[in-house]
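>>> Here you go, sequence then predicted model.
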Amino acid sequence: MNQIESASVLPYSGNQLYSADEIRGDRDRLLSLETQDNALFLPFKDFNAPLNETGDIHWIARTTLDRERLLPRETVFLGLRQDETPMFAFDVSWTSRNWDQTIPCVFSDARYLGIQLADHRASIIAQARSVLHWISHNRFCAKCGWANDLVFGGYRFKCSNAGCGVLHFPRIDPVVIMLVEAKNGGSCLLGRGRDYPDRIISPLAGFVEPGESVEDAVQREVMEEVGIQCTNARYFGSQPWPFPANLMIGCFAKAVSSHLSLDSEEIEFADWFTRDQLNIIFAKGDQNYALPQPISIAYHMIKHWMEHW
């Protein structure tokens, strides 16, 4: 697959923490890092992350956890900062303690944080939220039903059944999102799924199926959803989308046909849009349509097509 020039850093990407994979498997080393005075912890409540009064991520120092007796029952090792400060995340949803009053922070939806932070800090939120969500939904072994033990810094579950011992890994769901250009190059295909917010138009998207390449998924999804045959899939960029654990794979493609035949069960609306039309929509001068938020790769793909194609 050919690659085209993409946006430099998409929201939720650009994580600057060192993952320290060699530490994740060392239980004693992890415990030592957790108990360091300079260790920082990121609490999540109902998969929402904390913001402090300045609008930044609210990290909690190890000394504060000790003083307030807020030690978590289990943590996820996020990695090391450039100054080697160890960073952890943990879930407080299970406790009855009022964290909003105990710790001076506001728990905010990760979608809002992606816009609010708009830099590498949002990628830390994406990392932590995805792993914590996976942990909360995989407490028992899918093979034998026994309880799982959390290992490898929070990135593995191991079945506690000695006769099983299966390892379980965090789930990542690949999704293709494709902006299809018309045969004449003068317009692109945008649509709205039935579960989309009102007025929003976006490139089509769908999950990659087992045994399928990204190129195959692009062609299949476009044909299934709008009846358009396309070719020449080109890679634009990817974006973690932690709701709960998608990886958005952005592609551009060229339409071979032009007549739309919508899958009415999934697609509410789809049509071809010219650059002039999109310029008006970008300027919010069209009351019938609206674009995705800049937090999404969809927005950046539309903008890229308008400016570079």
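Structure's in. What do you need?
>>> what distance separates the start and the end of stretch 142-161?
Using CA to CA, to the nearest Å, one end of stretch 142-161 lies 12 Å from the other.
>>> Just give me how far it sits from the chain centre.
Put simply, stretch 142-161 sits 24 Å off its chain's centre (CA atoms, centre = their mean, to the nearest Å).
>>> What of stretch 131-150?
The answer for stretch 131-150 is 21 Å, by CA atoms, centre = their mean.
>>> which of the residues in that stretch are buried?
For stretch 131-150, burial by neighbour count (16 or more other CB atoms under 10 Å) applies to 131-135, 138, 141, 146, 148, 150. C-beta coordinates here come from the backbone N, C-alpha and C atoms, glycine included.
>>> Settle this for me: Arg81 is touching Met87, isn't it.
Yes: at 6.2 Å, Arg81 and Met87 qualify as touching, with contact defined as CB atoms under 8 Å.
>>> got any residues that touch both of these two?
Leu17 (CB atoms under 8 Å, 6 or more residues apart in numbering).
>>> quick one: which of those two has more around it?
Comparing Arg81 with Met87 by other CB atoms under 10 Å, the one with more neighbours is Met87, at 23 against 15.
>>> Pretty sure that one sits in a strand.
Yes: assessed by DSSP: H, G, I helix; E, B strand; the rest coil, Met87 belongs to a strand.
>>> Could you tell me the model confidence score at Gln101?
In this prediction, Gln101 carries a pLDDT score of 69.
>>> Which helix or strand in the chain has the lowest average pLDDT?
When each helix and strand of the chain is scored by mean pLDDT, DSSP states H and E, strand 2-3 comes last, with a mean of 62.
>>> Would you check how far apart Leu78 and Tyr155 are?
10 Å (CB to CB, to the nearest Å).
>>> More neighbours: which of the two?
Using other CB under 10 Å as the criterion, Leu78 and Tyr155 rank with Leu78 on top: 24 against 18.
>>> In terms of secondary structure, what does the strand or helix carrying the more buried one contact?
Here Leu78, judged by DSSP states H and E, is contained in strand 76-80. Strand 76-80 sits against helix 21-24, strand 86-91, helix 120-136, with contacts defined as 3 or more CB pairs under 8 Å, 6 or more residues apart in numbering; DSSP states H and E.
>>> Make a markdown table from these and add distance to Glu266 to it.
Listed next are the helices and strands packed on strand 76-80 as a markdown table, based on distance: least, CB to CB, whole Å:
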| stretch | distance to Glu266 |
| --- | --- |
| helix 21-24 | 39 |
| strand 86-91 | 33 |
| helix 120-136 | 25 |
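>>> Lys303: which of the ones you listed is closest?
helix 120-136 (18.6 Å; CB to CB).
>>> helices or strands up against that closest one?
Right, helix 120-136 is packed against strand 40-44, strand 49-51, strand 76-80, strand 86-91, helix 110-117, strand 230-241 by 3+ CB pairs under 8 Å, 6+ apart.
>>> next SSE after it?
Counting by DSSP H and E, what follows helix 120-136 is strand 148-151.
>>> Residues touching that following strand, excluding its own?
27, 74, 135, 138-141, 156-160, 168.
>>> List the contacts of stretch 195-205.
For stretch 195-205, using CB under 8 Å, 6+ apart, the contacting residues are 175-180, 188-192, 221-222, 225-226, 248, 250, 267-270, 273, 281, 288-292, 296, 298, 301-302.
>>> where does the chain have low pLDDT?
1-8, 96-101, 118 (pLDDT under 70).
>>> what's the residue closest to the geometric middle of this structure?
Nearest residue to the geometric centre of the chain (CA atoms, centre = their mean): Trp241, 1.5 Å.
>>> How much space separates that residue from Ser13?
For Trp241 relative to Ser13 (CB to CB), the value is 10 Å.
>>> Spatially, what comes nearest to Cys164 if we skip its sequence neighbours?
The spatial neighbour of Cys164 that comes closest, neighbours along the chain excluded (CB to CB, 6 or more residues apart in numbering), is Cys144 at 4.5 Å.
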